[in-house]
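Enquirer: Here you go, sequence then predicted model.
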Amino acid sequence: MKVEIVLHRDGQTEVVEYDYQKREPREKPMALDVLLQAQATSMPDLAFRYGCRARNCGVCTIDINDKPRIACRARVRDGDKLSPCATLPVLSDLVVRRDGIARQMQGRLPSGGGGNDLNVEAPDAYHDLTACIECYACLDNCPMHARNFGDALPETVAPEDMPDASAGYRWGNPFSLLKLQRIRLDPVTSVADKAAALENALELGLDACVDCPGCKCGVGIDLKGQVVKELLDATDLTS
């Protein structure tokens with residue numbers, strides 16, 4: 001089974017064809033199986049990330065045929081293309097820089113001590129949002145996140161024009177909105193912190209969501225209905 005693996009090294013892009021050797025004729029390999037075999041055989045310097053191998057951590061996310069997929073649970077077929085996530089800056093091969101997303105939330109999350117009743121159970125919607133594994137597949141086609149790169153793909157942005165990921169990206173994304181909506185749903189969050197969460201969503205560019213058809217989660221969370229709509233309904237952006 002032949003697949004294409006897109007390599008990024010020293011500012012250059014190269015597409016390499018790799019012939020995956022199935023362990024048995026009926027095997028339907030995951031993308032991570034292909035990458036591990038390639039690294040163990042003909043491509044020892046191939047760079048990629050993986051962690052739990054059970055769709056719990058999200059760090060192995062790559063693009064398959066230009067769409068984000070969790071590599072340890074995404075099956076590949078003959079002729080598929082494996083490449084780094086197009087929504088984040090590439091460090092090497094299939095490794096992208098992820099820290100700009102996490103750093104974006106520094107100072108935007110409550111420190112605790114809201115004083116609300118700890119005996120109140122969180123609503124089901126709150127528990128639904130805890131399923132997020134931070135795979136960042138939701139960044140695909142996100143108009144809010146695209147603002148960080150001048151509405152272009154990171155790989156097309158000149159190094160001198162690249163935003164400083166170490167400071168956290170200026171504009172948000174479905175993941176950051178999910179974190180803020182989870183704060184608003186948490187029964188132990190104070191009224192002031194819930195209001196601050198909504199203000200942070202507005203500051204991060206919630207207005208970009210008004211005309212967006214919606215975002216897709218790598219693990220099936222209803223981001224449009226349970227996150228974006230709830231935040232928009234709490235503002236006057238759609239009135």
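Expert: That came through fine.
Enquirer: So which elements touch the helix or strand where H127 lies?
Expert: Using DSSP states H and E, H127 maps to helix 124-129. Other elements packing on helix 124-129 under the criterion 3 or more C-beta pairs under 8 Å, 6 or more residues apart in numbering; DSSP states H and E are helix 174-185. Every residue, glycine included, has its C-beta placed from N, CA and C.
Enquirer: which is the next helix or strand following the helix it packs on?
Expert: Once helix 174-185 ends, the next helix or strand along the chain (criterion: DSSP H and E) is helix 191-203.
Enquirer: Now that following helix: buried residues?
Expert: Residues of helix 191-203 classed as buried: 193-194, 196-198, 200-201 (neighbour count, 16 or more other C-beta atoms under 10 Å).
Enquirer: next one: stretch 131-144
Expert: Buried residues in stretch 131-144, counted by 16+ other C-beta under 10 Å: 132-140, 142-144.
Enquirer: Among these, which ones are in strands?
Expert: Among those, no member falls in strands (DSSP state E).
Enquirer: N148 contacts W171, correct?
Expert: Yes. The criterion here is C-beta atoms under 8 Å, and N148 meets it with W171 at 5.0 Å.
Enquirer: higher neighbour count, these two?
Expert: Comparing N148 with W171 by other C-beta atoms under 10 Å, the one with more neighbours is N148, at 27 against 19.
Enquirer: Relative to I101, how far out is the residue lying closest to the more buried one once chain neighbours are set aside?
Expert: Nearest residue to N148, sequence neighbours excluded (C-beta to C-beta, 6 or more residues apart in numbering): Y169, at 4.5 Å. Distance, Y169 to I101, using C-beta to C-beta, to the nearest Å: 7 Å.
Enquirer: How about C142?
Expert: Per C-beta to C-beta, C142 is found 11 Å from I101.
Enquirer: For the protein, just list every one of the strands.
Expert: If DSSP E is used as the criterion, the strands of the chain fall at 2-9, 12-19, 61-64, 67-70, 81-83, 90-92, 95-96.
Enquirer: Would you mind putting the CA coordinates of the second one into CSV?
Expert: Output in CSV follows, covering the C-alpha atoms of strand 12-19 (Å, rounded to 0.1, in the frame of the first residue of the first chain):
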residue,chain,number,x,y,z
GLN,A,12,11.7,23.1,2.1
THR,A,13,8.8,20.8,1.3
GLU,A,14,9.3,17.3,-0.1
VAL,A,15,6.7,14.7,-0.9
VAL,A,16,8.0,11.1,-0.4
GLU,A,17,6.2,8.0,-1.5
TYR,A,18,6.3,5.2,1.1
ASP,A,19,5.2,1.6,0.5
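Enquirer: just for the protein, where's the confidence low?
Expert: By pLDDT under 70, the low-scoring segments of the chain are 111-118, 239.
Enquirer: Go ahead and flag the most central residue of it.
Expert: Residue closest to the average C-alpha location in the chain (C-alpha atoms, centre = their mean): Y136, at 0.5 Å.
Enquirer: what's the spacing between stretch 216-229 and its chain's center?
Expert: Computed by C-alpha atoms, centre = their mean, to the nearest Å, the chain-centroid distance of stretch 216-229 equals 12 Å.
Enquirer: Any idea how far apart the tips of it sit?
Expert: When the termini of stretch 216-229 are compared using C-alpha to C-alpha, to the nearest Å, they are 14 Å apart.
Enquirer: in it, what counts as buried?
Expert: Buried residues in stretch 216-229, counted by 16+ other C-beta under 10 Å: 216-218, 221, 223-224, 226-229.
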